[in-house]
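A.B. asks: Predicted model, plus sequence, below.
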Amino acid sequence: MSGLLKARWNRWLVRRIPPAARVELTQRRIFIIPSRVGGAFILALLLMLLAAINYQNSLAYGLTFLLASVYVVAILHTYRNLAGLVLKAGGGNAVFVGEQASFRLYLESAGRAHQAIAFGWPPAPLQAVDLDALQLKECELTLPAPRRGWLRPPRLRVESRFPLGLLVAWSWVDLDQAVLVYPRPRSGDLPMSHGGEEDADPGEQSRVRGVDDFQGLTAYQPGDSKRRLHWKAYSRGHGLLVKEFVALSGGDLYLDFDVLDGETESRLSLLCHWVLQLSARGQPFALRLPGVDPVVASGGDHRQACLRALALFGSQA
């Protein structure tokens, strides 16, 4: 029964507050109920009212109705403190399995100040911020990344108990954001196959970029590994130069999923490790996955493309 009610509640929320990269909290998107303190306050008012009726005491009547009016005014101010708040998705950077994924979001005040706005993903503690009028504030939330692929956070809870804490106004917001989670790198020996023509001479060797022999210095290009920067030349005023190494190879290097043993996740973790290692060395390579056309290349863009293919392997991108 609880699962059925939760499913119906989620469907109702999707209709009421659909996913969007920008959400403004309006009357349709804000819910308000008494807090625990507010419930105790109402109970105390009822007891005071009964005492006033029993003893026919005018001062008791006056105090009871005065406190009740304060409660009614608190309803309006609690709602107004949350109404008009704008939330925007800020995206996040890709992480590896087992790390904490960071999600950026922006809180914007459309016209008036907002005090003690709390937000987060329960049951984790909520963060609290204050916003001045017409202020834009960047915030960051984290979630663990237990598996590869797209990590989509649950609905974000945004609430306010300002000014007296007697009531809580809240909303459940889906900012429609996701972070890509790469496989966790696992070191190990990797059998690499060589591409090229089938009738090519196996003994013929060519010199390609690698880490074996120092070839010389070349001008720094965006995407080059900073580990290979020649700092001595830079200190002498020769500009940013990069050490270039070469290795003997009989053909292009292919990281082949099919030649590995073990479970799928274990193979992807090993491939991820070697993608990072070869990219750091500046070694051209190709990643061969079932259903993916291998491309021999190097550089930051190739590294990102390979990591993305590993993260989304076996899923619908």
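C.D. replies: Everything's here; your move.

A.B. asks: who touches the lengthiest helix in the chain?
C.D. replies: The residue-count maximum for a helix in the chain (DSSP state H) belongs to helix 58-82. The contact list for helix 58-82 (CB atoms under 8 Å, 6 or more residues apart in numbering) reads 25, 30, 32, 38, 41-42, 45, 48-49, 51-52, 112, 114-117, 158-164, 166-171. Every residue, glycine included, has its C-beta placed from N, CA and C.

A.B. asks: and what of stretch 14-25?
C.D. replies: 28-29, 82-89, 110, 158, 171-177.

A.B. asks: ditto for stretch 288-297
C.D. replies: Counting by CB under 8 Å, 6+ apart, 193, 195, 252-258, 284-287, 302, 305, 309-310, 313 sit against stretch 288-297.

A.B. asks: from those residues, which would you call buried?
C.D. replies: Among those, those buried by neighbour count (16 or more other CB atoms under 10 Å) are 195, 252-257, 284-287, 302, 305, 309-310, 313.

A.B. asks: Of these, which belong to strands?
C.D. replies: Using DSSP state E, the subset of the buried ones among the contacts of stretch 288-297 located in strands is 253-256, 285-287.

A.B. asks: can I get those in a markdown table with distance to R15 and pLDDT?
C.D. replies: A markdown table is the format used below for these (distance: CB to CB, whole Å; pLDDT from 0 to 100):
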| residue | distance to R15 | pLDDT |
| --- | --- | --- |
| L253 | 52 | 84 |
| Y254 | 49 | 86 |
| L255 | 46 | 89 |
| D256 | 48 | 88 |
| F285 | 49 | 90 |
| A286 | 47 | 90 |
| L287 | 42 | 91 |
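
A.B. asks: In the stretch 151-300 of the chain, what residue spans correspond to strands?
C.D. replies: Counting by DSSP state E, counting those that start in this stretch, the stretch 151-300 of the chain has strands at residues 156-160, 167-173, 179-182, 192-194, 206-219, 241-249, 253-256, 285-288.

A.B. asks: For those strands, which has the smallest mean pLDDT value?
C.D. replies: The minimum mean pLDDT among the strands of the stretch 151-300 of the chain belongs to strand 206-219 (a mean of 54).

A.B. asks: Can you tell me how far R104 is from R148?
C.D. replies: R104 is 21 Å from R148, where distance means CB to CB, to the nearest Å.

A.B. asks: more neighbours, these two?
C.D. replies: Between R104 and R148, R148 has the larger neighbour count (other CB atoms under 10 Å), namely 24 against 15.

A.B. asks: And the more buried one, how close does it get to A305?
C.D. replies: From R148 to A305 the distance is 16 Å (CB to CB).

A.B. asks: hmm, back to that, what's the closest of the buried ones among the contacts of stretch 288-297 to L126?
C.D. replies: L310 (34.6 Å; CB to CB).

A.B. asks: wait, isn't that closest one in contact with L276?
C.D. replies: No - L310 lies out of contact with L276 (CB atoms under 8 Å); the separation is 10.5 Å.

A.B. asks: Filter the contacts of helix 58-82 down to the buried ones, ChimeraX style.
C.D. replies: ChimeraX command restricting these to the buried ones, with burial defined by 16+ other CB under 10 Å:
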select :25,30,32,38,41,45,48,52,114,117,158,159,160,161,162,164,166,167,168,169,170,171
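
A.B. asks: Helices - which of the contacts of helix 58-82 land there?
C.D. replies: Per DSSP H, helices hold the following members of these: 38, 41-42, 45, 48-49, 51-52.

A.B. asks: circling back to that earlier point, and the ones in strands among the buried ones among the contacts of stretch 288-297, which is closest to D132?
C.D. replies: Lowest distance from D132 to these (CB to CB) belongs to L287, with 49.5 Å.

A.B. asks: residues touching the closest one, list them.
C.D. replies: 254-255, 271, 275, 294, 306, 309-310.

A.B. asks: Export those to a markdown table and append columns for distance to K232.
C.D. replies: Listed next are the contacts of L287 as a markdown table, based on distance: CB to CB, whole Å:
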| residue | distance to K232 |
| --- | --- |
| Y254 | 36 |
| L255 | 34 |
| L271 | 36 |
| V275 | 30 |
| P294 | 38 |
| C306 | 33 |
| A309 | 38 |
| L310 | 37 |
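
A.B. asks: Go through those and name the one nearest R186.
C.D. replies: R186 has its nearest neighbour among the contacts of L287 in L271, at 9.3 Å by CB to CB.

A.B. asks: what's the neighbour count on the closest one?
C.D. replies: 26.
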